[in-house]
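Peer 1: Got a predicted structure plus its sequence, pasted below:
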Amino acid sequence: MVKIELDIVALSHSVTQSHNYAVVLGEIEGSRRLPIVIGGFEAQAIAVAMEQMSPNRPLTHDLFKNTLEHFEIELKEVVINNLLDGVFYAKLVCEKDGMQYEIDSRTSDAVAMAVRFDCPIYTYEFILESAGVELEEGESKDNPISTKIQSSTSAGETYERMTEDALTQLLDDVLASEDYEKAAKIRDELRRRKSKE
C-alpha cells in the first residue's frame with residue numbers, strides 16, 4: 001500500500017466530545033484533514049513537544065525517547081495503519097543495527113513520539129477515505145476549522161486582557177504546576193504580542 005505523509009495542522013478542543021481534544025493531521029500533498037480525538041494527557045504530551053518546552057521532570061514520552069536513544073534505537077516513522085470501529089491504530093517503525101522493528105502504539109502516543117523524534121507520520125488511503133475531511137473550496141490549508149474542530153477561545157480572550165508581566169508570571173506558575181496545555185496558550189499570546197512590535 002502507498003503511504004500518505006501527514007503533518008500536524010492543529011491541536012484543539014474537540015467539539016464532539018467534551019473533556020477531550022483532537023489532533024488534526026493534514027495531507028502534505030493534498031487538502032484532506034484527519035481529525036483524531038485524544039485525551040487531555042496525550043494532548044499535553046504533544047503540545048509540550050511542539051512548543052519545545054522543558055518540563056522539570058521527563059514526561060513518559062520523554063522517558064521513552066531517552067530510553068530508545070540510550071540503546072541506539074532510531075524512530076524512523078510513525079504509521080497510522082488501521083481504523084476499526086472508530087478507533088485508530090498506529091505503529092512505530094524503529095531501526096537498530098540495520099534491522100527494522102515495528103511496535104504497536106496508540107495513535108496519540110505515536111504522534112507524541114513523532115514530534116519528539118521529528119520523524120514523518122504516514123497513513124493509508126483507505127483511512128483518509130473513511131475518516132478524512134476534505135477542505136471546502138476557498139478555505140486555507142492551514143485552517144483547522146474545516147475539520148469541525150474548534151479551539152476554546154475563552155482562555156485566549158482572558159490572556160489578551162492581561163499585562164505582559166502578569167502573563168510572564170502566570171507562565172512561570174503553570175510551568176511549575178506542569179500544566180503545559182495552558183502554558184502553550186500563554187506562550188502563544190506572548191509570541192503574538194512580540195510579533196506586533
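Peer 2: Perfect, I can see it now.
Peer 1: Now do the helices in this structure.
Peer 2: 40-50, 60-70, 107-117, 125-131, 154-160, 164-176, 180-196 (DSSP state H).
Peer 1: Buried deepest among those, which one?
Peer 2: Mean neighbours per residue, mean count of other CB atoms under 10 Å, is largest over the helices of the chain for helix 107-117, with a mean of 24. C-beta coordinates here come from the backbone N, C-alpha and C atoms, glycine included.
Peer 1: Which residues does stretch 178-191 contact?
Peer 2: 40, 43-44, 47-48, 50-51, 53, 55-56, 155-156, 159-160, 164, 167-168, 170-171, 174-175 (CB atoms under 8 Å, 6 or more residues apart in numbering).
Peer 1: Measure how far that stretch is from the centre of its chain, please.
Peer 2: 15 Å (CA atoms, centre = their mean, to the nearest Å).
Peer 1: repeat for stretch 162-180
Peer 2: On CA atoms, centre = their mean, the centre of stretch 162-180 falls 22 Å from the chain's centre.
Peer 1: Export that stretch to CSV, keeping only CA atoms.
Peer 2: Only the C-alpha atoms of stretch 162-180 are listed here, as CSV (Å, rounded to 0.1, in the frame of the first residue of the first chain):
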residue,chain,number,x,y,z
MET,A,162,-3.6,40.6,30.9
THR,A,163,-0.4,42.7,31.0
GLU,A,164,2.8,41.1,29.7
ASP,A,165,4.3,41.0,33.2
ALA,A,166,1.2,39.2,34.5
LEU,A,167,1.4,36.7,31.6
THR,A,168,5.1,36.0,32.2
GLN,A,169,4.4,35.4,35.9
LEU,A,170,1.4,33.1,35.1
LEU,A,171,3.6,31.2,32.6
ASP,A,172,6.1,30.5,35.3
ASP,A,173,3.3,29.3,37.6
VAL,A,174,1.7,27.0,35.2
LEU,A,175,5.0,25.5,34.1
ALA,A,176,5.8,24.9,37.8
SER,A,177,2.5,23.1,38.2
GLU,A,178,3.2,21.2,34.9
ASP,A,179,0.0,22.5,33.1
TYR,A,180,1.7,22.5,29.7
